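Asker: just the structure for this:
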Amino acid sequence: MREKIYIRTDGSLSIGLGHLMRCIALAQMLNSEFEPIFVCRHIPESIKDDLNKAGFEVIFIESEDDFYSLISDKDMVVLDGYSFDIEYQKKVKSLSGKLIYIDDLHETEFVADLIINHAPGVSQSDYRATKSTQFALGLDYVLLRPAFLEQAQKKRRISTIQSAMICFGGGDYKNLTLSTTKAIIPFEQFREIVVITGPAYDQMESLKSLVGKDIRIKHHHSINEDEMLALMLRSELAIVPSSGILFEALAAGCIVISGTYAENQRIIFERFLQSGAFENAANFLEKDIARAVKSVLSNSGGNKRLIDGKSSKRILGKILGLTISLRDVKSEDCKLLFSWANEPAVRMNAVNNNKIEWKEHIAWFSKILSGGNSRIFILERSGKPVGQVRFDLKGDHFIIDYSVDKDFRSKGLGKLMLKKSIDRIGKGSFKAIVKAENISSVAVFKSLSFEEAGDYVNNSIKYKVFRLNYY
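Answerer: Next comes the predicted model:
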């Protein structure tokens, strides 16, 4: 049974849809392992319908007390919004199992177990948080929907700019869509001008009158993820604000012009600008847009790849890490370890492939419990055993052996378990012997900064030796 994650966020014309859209991206990342449930006071009806079609429950509340009544200490909570101050966080944390906060301003204090901020250049030192707070910061943890993450892993080369896309997100209360479109119409180089408005855009009449005057303008309203990506891939240039849509345009490989019109966009704008991610349109005055377009058309440096598209696995790993704990082995774990040890995939990847007999196992396990040179940890997820790691002291180093229950593989738990258990052992020298064909374990040890210390062949099977000095 998947753990519930209540996602408390809102979206509207006045506050924008950025919080809501990145929470949707997070829900898609977590859906395989958790049950995301949206809790909102107000969101556009079209987005509610999309969430329901995607299998996500949406609960509407009239007061925060209604939200508090939903939460139990077995549930996780995600907060994304500017009204959730320290007192609100403390209240939610006292009721829930774990608290996750999606932030982009780092202005308040935090008591969250995990803070996610995908702005480039942000660091832990920017935050006032508890000592136990964990962080998922920067573009390695970008919150994007699956289609954009997939596209970010592909190469896209742009040599000429013939099509421009304009999108100011879900609401655009300043109607910058209209003024920006007016600013780029004089550029005859554009064979097509794609204009996209979101579900909360409420100034359609003024835009329609402009669209009808130029056949190059193609208007699209309230489109889905796949349609948005397709239009970005059709457009070499994207003119977007420094909000969630900027991350999407960069992931799609567009050449970008960006600026800012709201204070909460300032940090993302400045940090992306420092990295040379886009041409600066300042506050989106028509003269600034025209200047930026001229600069891009006359001296395009091509698109800049800043997003690697692998954040979904990283974020899932971080949040899975909140659900797991490590404990020492106990006498009642004897049968559990026996079943894990004889699981076919475990035996196949072991140095000794022979099946382990029960009497042999009992004798070995008795020695483990009596102390000596071995120590075993059991990894639990939400109280359920999911894996084991053993450290055998040989001379001046520990030999590592680990396995993950077959129902919990390919979730990053092996890496989490090894990291936690090595930290528990403390300072020392560690060694692991892995079959070269066991690609997943090879990747795990490399990701934990183990160095390849050689290889050898035994019975026609190649093994890799990994070492880590942890001091």
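
Asker: hmm, what's the outermost residue in the protein?
Answerer: The C-alpha centroid of the chain is most remote from residue 359, which lies 46.1 Å away (C-alpha atoms, centre = their mean).

Asker: could you find the closest non-adjacent residue to residue 43?
Answerer: residue 11 (4.8 Å; C-beta to C-beta, 6 or more residues apart in numbering). (Each C-beta comes from the backbone N, C-alpha and C, glycine too.)

Asker: the one you found touches residue 17, doesn't it?
Answerer: Yes: shown here, residue 11 and residue 17 form a contact pair, counting by C-beta atoms under 8 Å, at 4.3 Å.

Asker: identify the contacts common to those two.
Answerer: 44, 47, 170, 200 (C-beta atoms under 8 Å, 6 or more residues apart in numbering).

Asker: hmm, back to that, mind checking the pLDDT average for the one helix or strand the residue farthest from the centre of the chain maps to?
Answerer: Element membership for residue 359 (DSSP states H and E) is helix 358-369. In this model, helix 358-369 carries a mean pLDDT of 93.

Asker: can you list the buried residues in it?
Answerer: Residues of helix 358-369 classed as buried: 361, 365, 368 (neighbour count, 16 or more other C-beta atoms under 10 Å).

Asker: residue contacts, the nearest residue to the first one once chain neighbours are set aside?
Answerer: Spatial nearest neighbour of residue 361, chain neighbours left out: residue 338 (4.9 Å); criterion: C-beta to C-beta, 6+ apart. Listed by C-beta under 8 Å, 6+ apart, the contact partners of residue 338 are 356, 358, 361.

Asker: from those residues, pick the one nearest residue 68.
Answerer: The shortest approach to residue 68 among these belongs to residue 361, at 49.0 Å (C-beta to C-beta).

Asker: all the helices of the stretch 1-150 of the chain, residue numbers only.
Answerer: Taking DSSP state H, counting those that start in this stretch, the helices of the stretch 1-150 of the chain run over residues 18-30, 45-53, 64-68, 86-95, 146-152.

Asker: please identify the deepest-packed of those.
Answerer: helix 18-30 (a mean of 24; mean count of other C-beta atoms under 10 Å).

Asker: next up, the contacts around residue 418.
Answerer: 389, 400, 402, 444-445, 448.

Asker: residue 326 pairs with what?
Answerer: residue 379 (DSSP bridges).

Asker: now it: how far from residue 422?
Answerer: From residue 326 across to residue 422, the span is 11 Å (C-beta to C-beta, to the nearest Å).

Asker: the more surrounded of the two?
Answerer: residue 422 (21 against 17; other C-beta atoms under 10 Å).

Asker: not counting sequence-adjacent ones, nearest residue to the more buried one?
Answerer: Here the residue nearest residue 422, using C-beta to C-beta, 6+ apart, is residue 470, at 6.1 Å.

Asker: picking up where we left off before, which of the helices of the stretch 1-150 of the chain comes out lowest on mean pLDDT?
Answerer: helix 45-53 (a mean of 92).

Asker: in the protein, which helix or strand is least confident?
Answerer: Within the chain, no helix or strand scores below helix 344-349, which has a mean of 89 by mean pLDDT, DSSP states H and E.

Asker: what does that one contact?
Answerer: By C-beta under 8 Å, 6+ apart, helix 344-349 touches 340-341, 353-355, 403, 406, 434-435, 438, 441.

Asker: neighbour-wise, which one of the shared contacts of residue 11 and residue 17 leads?
Answerer: Neighbour max across the shared contacts of residue 11 and residue 17 (other C-beta under 10 Å) = residue 170, 27 neighbours.

Asker: wait, doesn't that residue sit right on residue 196?
Answerer: No: Residue 170 is beyond contact range of residue 196, at 10.3 Å (criterion: C-beta under 8 Å).

Asker: now the helices for the stretch 351-471 of the chain?
Answerer: Using DSSP H, counting those that start in this stretch, the helices of the stretch 351-471 of the chain run over 358-369, 413-425, 439-447.

Asker: those helices: which one's closest to residue 158?
Answerer: helix 439-447 (32.8 Å).

Asker: for that closest one, which residues meet the burial criterion?
Answerer: 441-442, 444-445.

Asker: same check, this time on stretch 372-385
Answerer: 374-379, 381, 385.

Asker: could I get these as a markdown table with pLDDT?
Answerer: Shown next, in a markdown table, are the buried residues of stretch 372-385 (pLDDT from 0 to 100):
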| residue | pLDDT |
| --- | --- |
| 374 | 93 |
| 375 | 94 |
| 376 | 97 |
| 377 | 97 |
| 378 | 97 |
| 379 | 97 |
| 381 | 93 |
| 385 | 96 |
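
Asker: show me which of residue 11 and residue 17 is the more surrounded one.
Answerer: Set residue 11 next to residue 17 and count neighbours by other C-beta under 10 Å: residue 11 wins out with 28 against 25.
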